[in-house]
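Q: The amino acid sequence is not available; the structure is as follows:
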């Protein structure tokens with residue numbers, strides 16, 4: 001039995017120290033998911049705390065045959081979706097092919113590289129803005145798939161969707177993000193040209 005499974009069993013029996021170990025293990029991935037969903041650090045912190053509270057309250061419902069990480073990230077995604085809906089944002093929903101057959105891949109924003117740190121921050125900010133334009137459920141599906149490597153089946157179970165619905169949402173979201181990314185690139189290029197010295 002792994003430490004994690006032992007902690008879950010102990011936490012289910014009321015051992016708070018075991019649950020604290022689970023919190024320490026998953027606080028970063030849970031916070032990161034929440035931040036990518038809600039886009040604001042303080043709100044993400046609140047959402048992460050609420051996620052662990054809900055996990056603690058529902059430990060008796062946890063299915064040991066399922067990954068604990070998948071389970072708690074699903075709780076986080078659901079809570080953030082509810083939070084976004086209550087905020088009454090009306091939003092419309094990554095390595096897939098576009099219509100012209102080219103592949104659109106978002107940069108890996110988690111890989112450390114000091115040489116491109118400033119570029120990475122700019123891309124991260126742009127990506128957060130684009131994620132805000134997706135429907136809350138689509139956003140959750142994209143984040144779970146491309147940042148946390150959830151399978152389409154796991155996403156379907158987590159978000160209470162059919163697998164075909166997940167595939168459809170991911171495809172639509174990738175198309176939307178690709179369009180937004182390319183449009184953003186075009187605007188940035190046009191702005192740079194304004195400041196270039198005109199040729200005589």
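A: Okay, I see it. Fair warning: this is a prediction, and the values are worked out from it, not measured in the lab. Numbering: from 1, shown residues only.

Q: drop to CA atoms for contacts and neighbour counts, all remaining ones
A: Noted.

Q: Show me the strands in the chain, by range?
A: 96-97, 103-104 (DSSP state E).

Q: Distance of residue 17 relative to residue 7?
A: 8 Å (CA to CA, to the nearest Å).

Q: and these two? which has more neighbours close in?
A: Higher neighbour count among residue 17 and residue 7: residue 7, with 19 against 12, using other CA atoms under 10 Å.

Q: for the chain, which spans come out with low pLDDT?
A: 1, 87-121, 123-124, 187-200 (pLDDT under 70).

Q: if we go to 50?
A: 88-104, 107-110, 113-116, 197-200 (pLDDT under 50).

Q: Report the central residue of it.
A: Compute the mean C-alpha point of the chain, and by CA atoms, centre = their mean the closest residue is residue 143, 2.8 Å away.

Q: so who does it touch?
A: 33, 36, 37 (CA atoms under 8 Å, 6 or more residues apart in numbering).

Q: Now do the contacts for the first one.
A: Right, residue 33. 73, 76, 77, 143.

Q: Please report the distance of it from residue 80.
A: 9 Å.

Q: got it, and residue 63?
A: With CA to CA as the criterion, residue 63 and residue 80 are 22 Å apart.

Q: more neighbours, these two?
A: More crowded of residue 63 and residue 80, by other CA under 10 Å: residue 80, with 27 against 10.

Q: doesn't residue 38 make contact with the more buried one?
A: Yes: assessed by CA atoms under 8 Å, residue 80 is found in contact with residue 38 at 6.7 Å.

Q: Now stretch 5-13: buried residues?
A: 7, 8, 9, 11, 12 (16 or more other CA atoms under 10 Å).

Q: what's in contact with that stretch?
A: 17, 18, 19, 21, 22, 59, 60, 64.

Q: mind running it again at 7 Å?
A: Around stretch 5-13, the neighbours that count as contacts under CA atoms under 7 Å, 6 or more residues apart in numbering are 18, 19, 22, 59, 60.

Q: what about the longest helix in the protein?
A: helix 163-194 (DSSP state H).

Q: Pull out the buried residues from that helix.
A: Within helix 163-194, the residues scored as buried using 16+ other CA under 10 Å are 163, 166-167, 169-178, 180-181.

Q: Which single one of those is nearest to residue 126?
A: Nearest to residue 126, judged by CA to CA, of those is residue 181 at 8.2 Å.

Q: Relative to residue 128, how far out is the closest one?
A: 11 Å.

Q: One more: residue 34?
A: 12 Å.

Q: residues in contact with residue 34?
A: 44, 47, 48, 76, 80.

Q: Okay, helices next: where are they in this structure?
A: Using DSSP H, helices in the chain cover 3-12, 16-38, 41-57, 68-86, 117-131, 136-146, 152-159, 163-194.

Q: residues near residue 16, how many?
A: If we define neighbours as other CA under 10 Å, then residue 16 has 14 of them.

Q: For it, give its distance to residue 46.
A: From residue 16 to residue 46 the distance is 20 Å (CA to CA).

Q: Equivalent analysis for residue 84, please.
A: For residue 84 relative to residue 46 (CA to CA), the value is 13 Å.
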